[in-house]
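1. Dropping the sequence and predicted coords here.
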Amino acid sequence: MTSTTAPRTGRDLFLVANTVDELGGVTAWTHQMARLFQGAGHRVHVIGVHEAELKLPLPADLGYEVTSLYPAHPPTPRPVRGLNRLSPAAHRREARRLADRGRAVARLSELFRAARPGAVAVVTQVWPMEWLREADTAGLRIIGMSHESYAYTRACHRYRSVKRNYPSADRWLALTQEDADDWIADGMHNVGAMPNALAHLPEIPSARTAKVVCSVGRLADQKGIDMLVDTWAEVAPHRPDWTLRIYGAGSDEPDLRRQCTELGLDRSVQWMGRTDDVAGALAESAVFVQSSRGEGFPLALMEAMASAVPCAAFDCAPGVREIVRDGEDGLLAPPGDTAALADRLLRLTGNPRLRDAMGERARVNVQRFSEERVLERWEELFALLER
């Protein structure tokens, strides 16, 4: 790609994600960074492949442009075998898919071509690179990202997409140096590390007096809420005056509620639904729990620590153990070990002095991921790519 110099007024930055409005941590991160970049003098455009069904609440006026290439999730291409090769309906569906894809790629190319010299496209998730590979990206610097750990990506279909699409990017960013080292050992040579940023530090931390354990996340397999329910079944008999509040929405909710009922936990578990006020939920909690099967650099964990709420979590990714210093400002358990996670929760719920000490240290320690510090790292990367 041609080396160019960014204008004095800032760069044109494209943040390209699966969606611009899906309820979830990556979408929240995308708009957080868009606000930061816009405030730093850049001209920001957030682009999503499609509009989401389960939406993240967003202000009507974001202060920057937002575009979705499709109104809904585009159809997945499927190999045509056997009799389907002779099916006129299958041919029509494939023709429509290709025509829609052509229009999406043309729209993406149009947006890129209108950018000023020195523009950068930050591809925040793996899937959108399928469209960028076909689009006109001449003159753009391309930064690819994943918001998963190396191990989680390695175990799923996205690994093949990374290996196919990201070697040609100007930089491929993992969330931690440990993940970056794993990608380098796997043969990637353009790798760097960039943590997520702490969104804000509440003025008044949680008092940690309410006997409430809090979980915040989508009710989906990755977040491991089924394992959290199993964990709570071990905790609840020892802490009959404590409540587990589960904030989030998702397709797994009916099965999770049924599991909760079968384990006799309905009186000690509250299903709070999705919330637009995570800080408020944390202010009413004394302990935060994260039971994910896989993570990248979880924002909810940082938000809990910023509220001085000590965390118990599965050590499921380098990002988790980079945020939480085990035994100092939180407690980690081996991935998937519900008995060990129950032990950590029993320790935190049963010892107010431990809760207070870890909560206060968490609030101080998590500030190393402040927006100001992370923005500085991004600016350093942009400057490096211009050379």
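-> Right, received. Where do you want to start?
2. so how many other residues sit close to P71?
-> 9 (other Cβ atoms under 10 Å). Where you see a C-beta, it was placed from the backbone N, CA and C, and this is true even at glycine.
3. Who's the closest spatial neighbour of it, skipping the chain neighbours?
-> Closest residue in space to P71, ignoring its immediate chain neighbours: E51 at 5.6 Å, by Cβ to Cβ, 6 or more residues apart in numbering.
4. Run through the strands of the stretch 251-387 of the chain in chain order.
-> 269-273, 287-290, 311-314, 330-333 (DSSP state E, counting those that start in this stretch).
5. could the ones you listed go into CSV alongside distance to A104 and mean neighbour count?
-> As requested, the strands of the stretch 251-387 of the chain are exported to CSV (distance: least, Cβ to Cβ, whole Å; neighbours: other Cβ atoms under 10 Å):
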stretch, distance to A104, mean neighbour count
strand 269-273, 33, 15
strand 287-290, 35, 28
strand 311-314, 37, 28
strand 330-333, 42, 24
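6. Turn those strands into TSV, columns for mean pLDDT and distance to R133.
-> Below are the strands of the stretch 251-387 of the chain laid out as TSV (pLDDT from 0 to 100; distance: least, Cβ to Cβ, whole Å):
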stretch	mean pLDDT	distance to R133
strand 269-273	97	39
strand 287-290	98	34
strand 311-314	98	35
strand 330-333	98	38
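7. now those as a markdown table including distance to A185?
-> Shown next, in a markdown table, are those (distance: least, Cβ to Cβ, whole Å):
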| stretch | distance to A185 |
| --- | --- |
| strand 269-273 | 42 |
| strand 287-290 | 27 |
| strand 311-314 | 24 |
| strand 330-333 | 24 |
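8. List the residues that contact the residue nearest to P71.
-> Applying Cβ atoms under 8 Å, 6 or more residues apart in numbering to E51 gives the contacts T19, V20, D21, S68, Y70, P71, A72.
9. Please save the CA atoms from the strand or helix carrying the fourth one in CSV.
-> Following DSSP states H and E, one finds S68 within strand 65-70. As requested, C-alpha coordinates have been extracted for strand 65-70 and formatted as CSV (Å, rounded to 0.1, in the frame of the first residue of the first chain):
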residue,chain,number,x,y,z
GLU,A,65,-21.2,8.6,10.6
VAL,A,66,-22.6,5.1,10.8
THR,A,67,-23.4,2.8,7.9
SER,A,68,-24.7,-0.8,7.6
LEU,A,69,-24.0,-2.6,4.4
TYR,A,70,-27.0,-4.9,4.7
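10. For the stretch 251-387 of the chain, just list every one of the helices.
-> Assigned by DSSP state H, counting those that start in this stretch, the stretch 251-387 of the chain shows helices spanning 253-262, 278-283, 299-306, 318-323, 338-350, 352-365, 371-386.
11. Can you lay out these as JSON lines showing distance to R92 and mean pLDDT?
-> JSON lines is the format used below for these (distance: least, Cβ to Cβ, whole Å; pLDDT from 0 to 100):
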{"stretch": "helix 253-262", "distance to R92": "36", "mean pLDDT": "97"}
{"stretch": "helix 278-283", "distance to R92": "45", "mean pLDDT": "95"}
{"stretch": "helix 299-306", "distance to R92": "43", "mean pLDDT": "95"}
{"stretch": "helix 318-323", "distance to R92": "44", "mean pLDDT": "96"}
{"stretch": "helix 338-350", "distance to R92": "49", "mean pLDDT": "98"}
{"stretch": "helix 352-365", "distance to R92": "57", "mean pLDDT": "97"}
{"stretch": "helix 371-386", "distance to R92": "44", "mean pLDDT": "95"}
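12. Need the winner for burial among those.
-> Highest mean neighbour count of the helices of the stretch 251-387 of the chain: helix 299-306, a mean of 26 (counted as mean count of other Cβ atoms under 10 Å).
13. Any idea how far stretch 293-301 is from the middle of the chain?
-> Distance of stretch 293-301 from the chain centroid (Cα atoms, centre = their mean, to the nearest Å) equals 7 Å.
14. now do stretch 239-250
-> Its chain's average C-alpha position is 22 Å from that of stretch 239-250, according to Cα atoms, centre = their mean.
15. contact partners of it?
-> 23, 54, 211-220, 223, 225, 228, 232, 235-236, 256, 265, 268-275, 278, 281, 285, 289, 346, 349-350.
16. cool, and stretch 341-354?
-> By Cβ under 8 Å, 6+ apart, the list of residues contacting stretch 341-354 reads 208, 211, 213, 227-228, 231-232, 234-235, 238-239, 242, 286-287, 289, 291, 310, 312-314, 331-333, 355, 358.
17. What about A60, how many residues nearby?
-> By other Cβ under 10 Å, neighbour count at A60 equals 4.
18. What is the helix or strand harbouring A104 packed up against?
-> Assigned by DSSP H and E, A104 belongs to helix 88-113. Counting contacts by 3 or more Cβ pairs under 8 Å, 6 or more residues apart in numbering; DSSP states H and E, helix 88-113 packs against strand 43-50, strand 65-70, helix 129-132.
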